[in-house]
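> show me how the following folds:
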Amino acid sequence: MAGSTGVSRTQWASVVLSTIAVAWMFAPTFPMVWMPSPGATLITWHSWADPLTLGHAVFSPLVLLAAIIAAVVGWFGVFRRRATLAPVACCAVAVGLAVLLFVMVGVHVMSIVPILLLVLSGALQWRAVSQSRRTDPARG
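Numbers count the residues shown, from 1 in each chain. The predicted model follows:
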């Protein structure tokens, strides 16, 4: 399965992880903290694509968009049977935007999980590219 004639397991794992990250972000897993009165705190859960999060947290829809692009480009690479660095770059952009988001609104376990999945996805895609270059120098 690995090598120049097919898609490596590493590349498959990478695109599956990025797809799971995107699915996670479409679920209501982004916490928004409200303070309706002094001493009271209310947390509501939203999708990362919810228009309300755009005004409240600025970067969450952008993180989701970068993750979607990483997943789509990754799947395109699987169907072309070629590992490229494009999904790695998209994962890096998503993680960078997420870091800015977390600095602004704080970190919650439910919001860190898809980012960790994207870090793993980017690392695995990097490894898949390295493996394909070692097995097929013509692609180098």
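
> where does the protein dip in pLDDT?
1-5, 55-58, 136-140 (pLDDT under 70).

> so which residues of it form helices?
9-26, 51-57, 60-80, 86-105, 109-135 (DSSP state H).

> show me what counts as buried in the first one.
Within helix 9-26, the residues that qualify as buried are 10-22, 24-25, counting by 16 or more other C-beta atoms under 10 Å. All C-beta atoms are positioned from the backbone trio N, CA, C, and that covers glycine.

> returning to what we had before: would you list the helices of the chain in CSV and tack on distance to Thr44?
Shown next, in CSV, are these (distance: least, C-beta to C-beta, whole Å):
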stretch, distance to Thr44
helix 9-26, 16
helix 51-57, 9
helix 60-80, 13
helix 86-105, 13
helix 109-135, 12
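
> out of those, which comes closest to Val33?
With C-beta to C-beta as the criterion, Val33 lies closest to helix 86-105 of the helices of the chain, at 7.7 Å.

> for that closest one, the distance to its chain's centre please.
8 Å (C-alpha atoms, centre = their mean, to the nearest Å).

> what's the burial count for Pro38?
The number of residues packed near Pro38 is 5, by other C-beta atoms under 10 Å.

> ok, it - contacts?
Going by C-beta atoms under 8 Å, 6 or more residues apart in numbering, Pro38 touches no other residue.

> need phi/psi at it.
The phi/psi pair for Pro38 (degrees, to the nearest 10) reads phi -60, psi 130.

> excluding chain neighbours, what is closest to Leu100?
Phe59 (5.6 Å; C-beta to C-beta, 6 or more residues apart in numbering).

> that neighbour is in contact with Gly96, isn't it?
No. Between Phe59 and Gly96 there is no contact under C-beta atoms under 8 Å: 9.7 Å.

> what about these two, which has more around it?
The residue with more neighbours, out of Phe59 and Gly96, is Phe59; 22 against 13, by other C-beta under 10 Å.

> and the more buried one, how far from Val88?
20 Å (C-beta to C-beta, to the nearest Å).
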